[in-house]
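J.: Show me how the following folds:
(chains A and B)
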Number of protein chains: 2
Amino acid sequence: MQLLKDRIRKDGKVKEGNVLKVDSFLNHQMDVKLFREIGKEFQRRFAGEEITKILTIEASGIGIACIAAEVFDVPVVFAKKTQTKNIAGDVYTTKVESFTHGRIYDIIVAKEFLGKGDKVLLIDDFLANGKALEGLVQLVEDSGAELVGAGIVVEKGFQPGGDMLRKRTHLESLAIVESMNEKTGEIVFRGDE
Amino acid sequence: MQLLKDRIRKDGKVKEGNVLKVDSFLNHQMDVKLFREIGKEFQRRFAGEEITKILTIEASGIGIACIAAEVFDVPVVFAKKTQTKNIAGDVYTTKVESFTHGRIYDIIVAKEFLGKGDKVLLIDDFLANGKALEGLVQLVEDSGAELVGAGIVVEKGFQPGGDMLRKRTHLESLAIVESMNEKTGEIVFRGDE
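T.: Predicted structure coming up:
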(Lines give C-alpha, C1' and ligand atoms only; values in the text may rest on other atoms or scores of the structure.)
Protein backbone atom coordinates (compact mmCIF):
# COMPACT_ATOMS: atom_id res chain seq x y z
CA MET A 1 0.00 0.00 0.00
CA GLN A 2 1.89 2.99 -1.33
CA LEU A 3 0.23 5.63 0.90
CA LEU A 4 1.27 3.66 3.96
CA LYS A 5 4.84 3.02 2.79
CA ASP A 6 5.25 6.72 1.98
CA ARG A 7 3.99 7.61 5.45
CA ILE A 8 6.34 5.13 7.14
CA ARG A 9 9.28 6.57 5.16
CA LYS A 10 8.22 10.11 6.06
CA ASP A 11 7.29 9.75 9.74
CA GLY A 12 8.71 6.37 10.86
CA LYS A 13 11.92 6.35 12.87
CA VAL A 14 14.48 3.57 12.67
CA LYS A 15 16.01 2.89 16.07
CA GLU A 16 18.78 0.64 17.36
CA GLY A 17 17.98 -3.08 17.47
CA ASN A 18 15.73 -3.14 14.38
CA VAL A 19 13.06 -1.06 16.08
CA LEU A 20 10.70 0.86 13.80
CA LYS A 21 8.86 3.62 15.64
CA VAL A 22 5.57 4.60 14.01
CA ASP A 23 4.00 6.06 17.11
CA SER A 24 3.28 9.45 15.55
CA PHE A 25 0.50 7.99 13.37
CA LEU A 26 -0.10 4.31 14.12
CA ASN A 27 0.21 3.14 17.71
CA HIS A 28 0.32 6.04 20.18
CA GLN A 29 -0.95 9.03 18.23
CA MET A 30 -3.36 7.67 15.63
CA ASP A 31 -4.18 9.16 12.24
CA VAL A 32 -7.76 8.01 11.77
CA LYS A 33 -7.88 9.22 8.16
CA LEU A 34 -5.02 6.87 7.38
CA PHE A 35 -6.87 4.14 9.32
CA ARG A 36 -9.88 4.64 7.03
CA GLU A 37 -7.67 4.11 3.95
CA ILE A 38 -6.13 1.05 5.65
CA GLY A 39 -9.63 -0.33 6.29
CA LYS A 40 -10.57 0.13 2.63
CA GLU A 41 -7.36 -1.59 1.52
CA PHE A 42 -8.12 -4.58 3.76
CA GLN A 43 -11.59 -4.72 2.23
CA ARG A 44 -10.08 -4.71 -1.27
CA ARG A 45 -7.62 -7.47 -0.36
CA PHE A 46 -10.26 -9.68 1.25
CA ALA A 47 -12.92 -8.96 -1.38
CA GLY A 48 -15.05 -12.02 -2.05
CA GLU A 49 -14.43 -13.48 1.42
CA GLU A 50 -17.35 -13.67 3.80
CA ILE A 51 -16.36 -12.02 7.09
CA THR A 52 -18.72 -11.68 10.05
CA LYS A 53 -16.36 -10.53 12.81
CA ILE A 54 -13.01 -8.84 13.29
CA LEU A 55 -10.78 -10.06 16.11
CA THR A 56 -7.87 -8.00 17.42
CA ILE A 57 -5.86 -7.71 20.62
CA GLU A 58 -5.45 -4.80 22.98
CA ALA A 59 -4.28 -2.15 22.84
CA SER A 60 -2.85 -0.71 19.64
CA GLY A 61 -4.80 -2.95 17.26
CA ILE A 62 -8.18 -1.71 18.52
CA GLY A 63 -8.34 1.61 16.66
CA ILE A 64 -7.47 0.12 13.29
CA ALA A 65 -9.80 -2.82 13.88
CA CYS A 66 -12.74 -0.54 14.74
CA ILE A 67 -12.38 1.68 11.69
CA ALA A 68 -11.82 -1.37 9.44
CA ALA A 69 -14.95 -2.87 11.02
CA GLU A 70 -16.97 0.13 9.88
CA VAL A 71 -15.78 -0.53 6.32
CA PHE A 72 -16.60 -4.26 6.58
CA ASP A 73 -19.83 -3.53 8.50
CA VAL A 74 -19.12 -6.14 11.19
CA PRO A 75 -18.52 -6.02 14.96
CA VAL A 76 -15.05 -6.16 16.56
CA VAL A 77 -13.94 -8.30 19.47
CA PHE A 78 -10.66 -7.56 21.16
CA ALA A 79 -8.74 -10.20 23.12
CA LYS A 80 -7.71 -8.98 26.54
CA LYS A 81 -4.27 -9.42 28.00
CA THR A 82 -4.34 -10.50 31.59
CA GLN A 83 -2.10 -11.73 34.32
CA THR A 84 -5.09 -12.62 36.44
CA LYS A 85 -4.70 -16.05 37.98
CA ASN A 86 -8.38 -16.95 38.20
CA ILE A 87 -9.81 -17.19 34.72
CA ALA A 88 -13.45 -18.17 34.77
CA GLY A 89 -14.62 -21.04 32.62
CA ASP A 90 -16.60 -18.87 30.25
CA VAL A 91 -13.57 -17.65 28.27
CA TYR A 92 -11.19 -19.04 25.67
CA THR A 93 -7.63 -18.47 26.79
CA THR A 94 -4.10 -19.13 25.60
CA LYS A 95 -0.60 -18.04 26.58
CA VAL A 96 1.46 -15.53 24.60
CA GLU A 97 5.16 -14.84 24.99
CA SER A 98 6.13 -11.19 24.63
CA PHE A 99 9.66 -10.55 23.39
CA THR A 100 9.27 -6.81 23.94
CA HIS A 101 8.34 -7.13 27.58
CA GLY A 102 10.13 -10.39 28.31
CA ARG A 103 7.21 -12.15 29.91
CA ILE A 104 4.38 -14.57 29.27
CA TYR A 105 0.79 -13.40 29.58
CA ASP A 106 -2.66 -14.87 29.04
CA ILE A 107 -5.03 -13.59 26.39
CA ILE A 108 -8.74 -14.19 26.76
CA VAL A 109 -11.96 -13.84 24.78
CA ALA A 110 -15.38 -14.45 26.31
CA LYS A 111 -16.96 -17.56 24.79
CA GLU A 112 -20.21 -15.73 24.09
CA PHE A 113 -18.47 -13.46 21.55
CA LEU A 114 -16.62 -16.05 19.44
CA GLY A 115 -17.83 -19.39 18.20
CA LYS A 116 -19.24 -21.66 15.52
CA GLY A 117 -20.69 -19.67 12.63
CA ASP A 118 -18.32 -16.72 13.00
CA LYS A 119 -16.06 -16.06 10.02
CA VAL A 120 -13.16 -14.19 11.52
CA LEU A 121 -10.64 -11.71 10.13
CA LEU A 122 -7.72 -10.96 12.46
CA ILE A 123 -6.44 -7.38 12.40
CA ASP A 124 -3.34 -6.00 14.10
CA ASP A 125 -0.94 -3.11 13.68
CA PHE A 126 2.35 -5.05 13.81
CA LEU A 127 3.62 -8.52 12.97
CA ALA A 128 7.16 -9.39 14.04
CA ASN A 129 7.65 -12.67 15.91
CA GLY A 130 3.96 -13.37 15.55
CA LYS A 131 3.33 -14.67 19.05
CA ALA A 132 0.26 -12.49 19.64
CA LEU A 133 -1.22 -13.44 16.24
CA GLU A 134 -0.47 -17.11 16.90
CA GLY A 135 -2.43 -16.71 20.14
CA LEU A 136 -5.39 -15.18 18.28
CA VAL A 137 -5.34 -18.04 15.73
CA GLN A 138 -5.44 -20.48 18.64
CA LEU A 139 -8.44 -18.72 20.21
CA VAL A 140 -10.32 -18.84 16.89
CA GLU A 141 -9.58 -22.55 16.49
CA ASP A 142 -10.56 -23.32 20.08
CA SER A 143 -13.87 -21.50 19.59
CA GLY A 144 -14.91 -23.46 16.51
CA ALA A 145 -15.11 -20.26 14.45
CA GLU A 146 -13.70 -20.13 10.93
CA LEU A 147 -10.47 -18.20 10.39
CA VAL A 148 -10.75 -16.29 7.11
CA GLY A 149 -7.44 -14.43 7.23
CA ALA A 150 -5.25 -11.85 8.90
CA GLY A 151 -4.75 -8.22 7.95
CA ILE A 152 -1.58 -6.58 9.25
CA VAL A 153 -0.51 -2.99 8.81
CA VAL A 154 3.26 -3.37 9.18
CA GLU A 155 5.09 -6.70 8.93
CA LYS A 156 8.76 -6.97 9.79
CA GLY A 157 9.68 -9.36 6.99
CA PHE A 158 13.02 -10.30 8.53
CA GLN A 159 11.35 -11.76 11.64
CA PRO A 160 9.58 -15.15 11.63
CA GLY A 161 5.94 -14.13 12.29
CA GLY A 162 4.96 -13.62 8.65
CA ASP A 163 6.20 -17.03 7.47
CA MET A 164 4.50 -18.73 10.41
CA LEU A 165 1.17 -16.98 9.81
CA ARG A 166 1.20 -17.56 6.02
CA LYS A 167 1.27 -21.31 6.68
CA ARG A 168 -1.89 -21.04 8.78
CA THR A 169 -4.09 -18.52 6.97
CA HIS A 170 -4.48 -15.93 4.23
CA LEU A 171 -2.17 -13.15 5.39
CA GLU A 172 -2.24 -9.65 3.92
CA SER A 173 0.41 -7.23 5.21
CA LEU A 174 0.05 -3.71 3.84
CA ALA A 175 3.75 -2.87 4.24
CA ILE A 176 6.48 -5.49 4.65
CA VAL A 177 9.77 -4.07 5.91
CA GLU A 178 12.61 -6.12 4.43
CA SER A 179 15.45 -4.21 6.04
CA MET A 180 16.17 -1.00 7.94
CA ASN A 181 19.35 0.98 8.43
CA GLU A 182 19.49 2.76 11.78
CA LYS A 183 22.42 4.95 10.65
CA THR A 184 20.88 6.31 7.45
CA GLY A 185 17.22 5.79 8.44
CA GLU A 186 16.67 3.98 5.14
CA ILE A 187 13.79 1.49 5.00
CA VAL A 188 13.52 -1.15 2.26
CA PHE A 189 10.07 -2.66 1.66
CA ARG A 190 9.44 -6.06 0.07
CA GLY A 191 8.70 -5.61 -3.62
CA ASP A 192 10.60 -2.33 -3.78
CA GLU A 193 14.12 -3.80 -3.92
CA MET B 1 -28.80 9.62 24.48
CA GLN B 2 -31.88 7.47 24.06
CA LEU B 3 -30.37 4.94 21.59
CA LEU B 4 -27.61 4.21 24.09
CA LYS B 5 -29.91 3.96 27.12
CA ASP B 6 -32.19 1.59 25.19
CA ARG B 7 -29.18 -0.55 24.28
CA ILE B 8 -27.90 -0.65 27.87
CA ARG B 9 -31.38 -1.72 29.06
CA LYS B 10 -31.57 -4.37 26.32
CA ASP B 11 -28.04 -5.83 26.43
CA GLY B 12 -26.47 -4.60 29.68
CA LYS B 13 -26.28 -6.99 32.61
CA VAL B 14 -26.50 -5.89 36.23
CA LYS B 15 -24.17 -7.94 38.42
CA GLU B 16 -23.49 -8.13 42.14
CA GLY B 17 -21.61 -5.20 43.62
CA ASN B 18 -23.06 -2.51 41.35
CA VAL B 19 -21.29 -3.93 38.30
CA LEU B 20 -22.83 -3.08 34.92
CA LYS B 21 -21.61 -5.39 32.17
CA VAL B 22 -21.84 -3.89 28.71
CA ASP B 23 -19.21 -6.08 27.13
CA SER B 24 -21.46 -7.35 24.36
CA PHE B 25 -21.42 -3.98 22.59
CA LEU B 26 -19.09 -1.51 24.33
CA ASN B 27 -15.89 -2.85 25.85
CA HIS B 28 -15.11 -6.38 24.70
CA GLN B 29 -17.28 -6.93 21.67
CA MET B 30 -17.72 -3.52 20.05
CA ASP B 31 -20.69 -2.36 17.97
CA VAL B 32 -19.00 0.16 15.68
CA LYS B 33 -22.34 1.38 14.26
CA LEU B 34 -23.33 2.42 17.77
CA PHE B 35 -19.87 4.00 18.17
CA ARG B 36 -20.55 6.13 15.08
CA GLU B 37 -23.80 7.40 16.65
CA ILE B 38 -21.94 8.05 19.90
CA GLY B 39 -19.31 10.04 17.99
CA LYS B 40 -22.02 12.15 16.35
CA GLU B 41 -23.67 12.78 19.73
CA PHE B 42 -20.36 13.96 21.21
CA GLN B 43 -19.99 16.30 18.23
CA ARG B 44 -23.47 17.68 18.85
CA ARG B 45 -22.77 18.20 22.55
CA PHE B 46 -19.43 19.91 21.96
CA ALA B 47 -20.62 21.95 18.96
CA GLY B 48 -19.02 25.37 18.89
CA GLU B 49 -15.93 24.20 20.82
CA GLU B 50 -12.63 24.11 18.98
CA ILE B 51 -11.08 20.67 19.39
CA THR B 52 -7.77 19.66 17.80
CA LYS B 53 -7.07 16.34 19.50
CA ILE B 54 -8.84 13.52 21.31
CA LEU B 55 -7.09 11.91 24.28
CA THR B 56 -8.15 8.54 25.66
CA ILE B 57 -6.60 5.72 27.66
CA GLU B 58 -6.01 2.11 26.73
CA ALA B 59 -7.69 -0.20 26.14
CA SER B 60 -11.46 0.03 25.93
CA GLY B 61 -11.61 3.79 25.22
CA ILE B 62 -9.59 3.49 22.02
CA GLY B 63 -12.30 2.22 19.69
CA ILE B 64 -14.83 4.87 20.66
CA ALA B 65 -12.16 7.58 20.56
CA CYS B 66 -11.05 6.58 17.05
CA ILE B 67 -14.54 6.58 15.57
CA ALA B 68 -15.40 9.85 17.36
CA ALA B 69 -12.13 11.27 15.98
CA GLU B 70 -13.33 10.53 12.45
CA VAL B 71 -16.47 12.56 13.17
CA PHE B 72 -14.44 15.44 14.69
CA ASP B 73 -11.73 15.08 12.00
CA VAL B 74 -8.85 15.17 14.52
CA PRO B 75 -6.13 12.69 15.56
CA VAL B 76 -6.33 10.52 18.69
CA VAL B 77 -3.66 9.96 21.31
CA PHE B 78 -4.06 7.18 23.82
CA ALA B 79 -2.32 7.21 27.18
CA LYS B 80 -0.51 3.98 27.90
CA LYS B 81 -0.69 2.11 31.16
CA THR B 82 2.65 0.87 32.32
CA GLN B 83 4.32 -0.66 35.30
CA THR B 84 7.73 -0.08 33.76
CA LYS B 85 10.12 1.37 36.29
CA ASN B 86 12.29 3.33 33.87
CA ILE B 87 10.23 6.04 32.26
CA ALA B 88 12.29 8.16 29.89
CA GLY B 89 12.19 11.95 30.25
CA ASP B 90 10.32 12.48 27.01
CA VAL B 91 6.89 11.56 28.41
CA TYR B 92 4.30 13.10 30.69
CA THR B 93 3.37 10.66 33.41
CA THR B 94 1.11 10.43 36.43
CA LYS B 95 -0.10 7.71 38.78
CA VAL B 96 -3.59 6.22 38.67
CA GLU B 97 -5.21 4.05 41.31
CA SER B 98 -7.35 1.23 39.96
CA PHE B 99 -10.18 0.09 42.20
CA THR B 100 -11.04 -2.76 39.85
CA HIS B 101 -7.56 -4.23 39.89
CA GLY B 102 -6.52 -3.01 43.33
CA ARG B 103 -3.22 -1.51 42.25
CA ILE B 104 -1.53 1.72 41.26
CA TYR B 105 -0.13 2.10 37.76
CA ASP B 106 1.56 4.84 35.74
CA ILE B 107 -0.02 6.34 32.66
CA ILE B 108 2.17 8.03 30.08
CA VAL B 109 1.89 10.16 26.96
CA ALA B 110 4.89 11.08 24.82
CA LYS B 111 5.59 14.80 25.06
CA GLU B 112 5.75 15.16 21.30
CA PHE B 113 2.06 14.27 20.97
CA LEU B 114 0.54 16.63 23.57
CA GLY B 115 1.41 20.23 24.29
CA LYS B 116 0.75 23.95 23.99
CA GLY B 117 -1.69 24.72 21.21
CA ASP B 118 -3.60 21.45 21.51
CA LYS B 119 -7.28 21.78 22.44
CA VAL B 120 -8.11 18.45 23.94
CA LEU B 121 -11.31 16.46 24.33
CA LEU B 122 -11.05 13.45 26.64
CA ILE B 123 -13.06 10.39 25.62
CA ASP B 124 -13.62 7.22 27.61
CA ASP B 125 -16.16 4.43 27.82
CA PHE B 126 -16.77 4.46 31.59
CA LEU B 127 -16.67 6.94 34.45
CA ALA B 128 -17.03 5.58 37.98
CA ASN B 129 -14.48 6.68 40.56
CA GLY B 130 -12.85 8.84 37.91
CA LYS B 131 -9.25 8.02 38.76
CA ALA B 132 -8.25 7.33 35.14
CA LEU B 133 -9.94 10.53 33.92
CA GLU B 134 -8.30 12.50 36.72
CA GLY B 135 -4.98 11.15 35.47
CA LEU B 136 -5.75 12.26 31.91
CA VAL B 137 -6.71 15.76 33.14
CA GLN B 138 -3.36 15.89 34.95
CA LEU B 139 -1.45 14.91 31.79
CA VAL B 140 -3.23 17.62 29.78
CA GLU B 141 -2.44 20.25 32.43
CA ASP B 142 1.20 19.14 32.69
CA SER B 143 1.57 19.39 28.91
CA GLY B 144 0.34 22.98 28.67
CA ALA B 145 -2.48 21.92 26.33
CA GLU B 146 -5.99 23.29 26.80
CA LEU B 147 -8.64 20.94 28.21
CA VAL B 148 -11.90 21.53 26.33
CA GLY B 149 -14.00 18.82 27.95
CA ALA B 150 -14.65 15.15 28.53
CA GLY B 151 -17.06 12.86 26.70
CA ILE B 152 -18.08 9.70 28.53
CA VAL B 153 -20.32 6.94 27.27
CA VAL B 154 -21.56 5.52 30.59
CA GLU B 155 -21.27 7.35 33.91
CA LYS B 156 -22.12 5.63 37.16
CA GLY B 157 -23.85 8.58 38.77
CA PHE B 158 -23.73 7.08 42.26
CA GLN B 159 -19.92 7.01 42.27
CA PRO B 160 -17.82 10.15 42.79
CA GLY B 161 -16.04 10.47 39.39
CA GLY B 162 -18.73 12.57 37.70
CA ASP B 163 -18.91 15.22 40.43
CA MET B 164 -15.11 15.43 40.53
CA LEU B 165 -14.79 15.81 36.77
CA ARG B 166 -17.63 18.38 36.47
CA LYS B 167 -15.65 20.68 38.78
CA ARG B 168 -12.66 20.55 36.46
CA THR B 169 -14.11 20.62 32.94
CA HIS B 170 -17.17 20.45 30.69
CA LEU B 171 -18.36 16.88 31.15
CA GLU B 172 -20.87 15.22 28.86
CA SER B 173 -21.97 11.71 29.82
CA LEU B 174 -24.29 10.08 27.29
CA ALA B 175 -25.95 7.79 29.86
CA ILE B 176 -25.82 8.37 33.61
CA VAL B 177 -26.84 5.35 35.65
CA GLU B 178 -28.49 6.55 38.86
CA SER B 179 -29.20 3.12 40.32
CA MET B 180 -29.27 -0.55 39.40
CA ASN B 181 -31.07 -3.51 40.90
CA GLU B 182 -29.14 -6.75 40.57
CA LYS B 183 -32.20 -8.84 41.48
CA THR B 184 -34.62 -7.39 38.90
CA GLY B 185 -31.98 -6.13 36.43
CA GLU B 186 -33.70 -2.74 36.48
CA ILE B 187 -31.54 0.26 35.55
CA VAL B 188 -32.58 3.85 36.37
CA PHE B 189 -30.95 6.63 34.37
CA ARG B 190 -30.60 10.24 35.53
CA GLY B 191 -33.41 12.31 34.07
CA ASP B 192 -35.67 9.29 33.68
CA GLU B 193 -36.82 9.05 37.31
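J.: contact partners of stretch A:31-51?
T.: A:1, A:3-4, A:7, A:25-26, A:63-64, A:67-72, A:74, A:119-121, A:123, A:148-149, A:151, A:153, A:170, A:172, A:174, B:66, B:69-70, B:73, B:75-76 (CB atoms under 8 Å, 6 or more residues apart in numbering or on different chains). All C-beta spots, glycine's among them, are computed from the backbone N, C-alpha and C.
J.: Which of those fall within strands?
T.: The strands, defined by DSSP state E, take in A:119-121, A:123, A:148-149, A:151, A:153, A:172, A:174, B:76 from those.
J.: and those as TSV, adding pLDDT, neighbour count and distance to residue B:190?
T.: Compiled in TSV, those are given as follows (pLDDT from 0 to 100; neighbours: other CB atoms under 10 Å in any protein chain shown; distance: CB to CB, whole Å):
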residue	pLDDT	neighbour count	distance to residue B:190
A:119	98	16	40
A:120	98	25	38
A:121	98	28	39
A:123	98	29	36
A:148	98	21	43
A:149	98	19	44
A:151	98	28	41
A:153	98	27	41
A:172	98	17	46
A:174	98	20	44
B:76	98	28	28
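J.: would you list these in CSV and tack on distance to residue B:39?
T.: Below are these laid out as CSV (distance: CB to CB, whole Å):
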residue, distance to residue B:39
A:119, 27
A:120, 25
A:121, 23
A:123, 20
A:148, 28
A:149, 28
A:151, 23
A:153, 22
A:172, 27
A:174, 25
B:76, 11
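J.: From those residues, pick the one nearest residue B:17.
T.: In terms of CB to CB, no member of the ones in strands among the contacts of stretch A:31-51 lies closer to residue B:17 than residue B:76, at 31.8 Å.
J.: And the closest one, how far from residue A:141?
T.: Going from residue B:76 to residue A:141 by CB to CB, to the nearest Å gives 33 Å.
J.: again, but for residue A:73
T.: 25 Å.
J.: between those two, which one's more packed in?
T.: When residue A:73 and residue A:141 are compared for neighbours, residue A:141 comes out ahead with 14 against 11, by other CB atoms under 10 Å in any protein chain shown.
J.: Enumerate the residues of chain A near chain B.
T.: A:23-25, A:28-33, A:35-36, A:58-59, A:62-63, A:65-67, A:69-70, A:73, A:75-78, A:80, A:109-110, A:112-113 (CB under 8 Å from any CB of the partner chain).
J.: switch to 6 Å and redo it
T.: Residues of chain A lying close to chain B (CB under 6 Å from any CB of the partner chain) are A:28-32, A:58-59, A:62-63, A:66-67, A:69-70, A:75-77, A:110, A:113.
J.: so of those, which ones are in helices?
T.: Among the residues of chain A next to chain B, DSSP state H puts A:32, A:62-63, A:66-67, A:69-70 in helices.
J.: Drop anything exposed from the residues you listed.
T.: If you count burial by 16 or more other CB atoms under 10 Å in any protein chain shown, the buried members of those come out as A:32, A:62-63, A:66-67, A:69-70.
J.: can those go into CSV with extra columns for pLDDT?
T.: Converted to CSV, those look like this (pLDDT from 0 to 100):
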residue, pLDDT
A:32, 98
A:62, 98
A:63, 98
A:66, 98
A:67, 98
A:69, 98
A:70, 98
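J.: for the spatially most central residue of chain A, what are its contacts?
T.: Centroid-nearest residue in chain A: residue A:124, 1.6 Å away (criterion: CA atoms, centre = their mean). Residue A:124 makes contacts with A:56, A:61, A:152, as judged by CB atoms under 6 Å, 6 or more residues apart in numbering or on different chains.
J.: go on, residue A:66?
T.: Residue A:66 makes contacts with A:76, B:32, B:63, B:66-67, as judged by CB under 6 Å, 6+ apart.
J.: cutoff 10 Å now
T.: A:32, A:35, A:39, A:54, A:56, A:75-76, A:78, A:123, B:30, B:32, B:35-36, B:62-67, B:70 (CB atoms under 10 Å, 6 or more residues apart in numbering or on different chains).
J.: Excluding chain neighbours, what is closest to residue A:82?
T.: residue A:106 (5.2 Å; CB to CB, 6 or more residues apart in numbering or on different chains).
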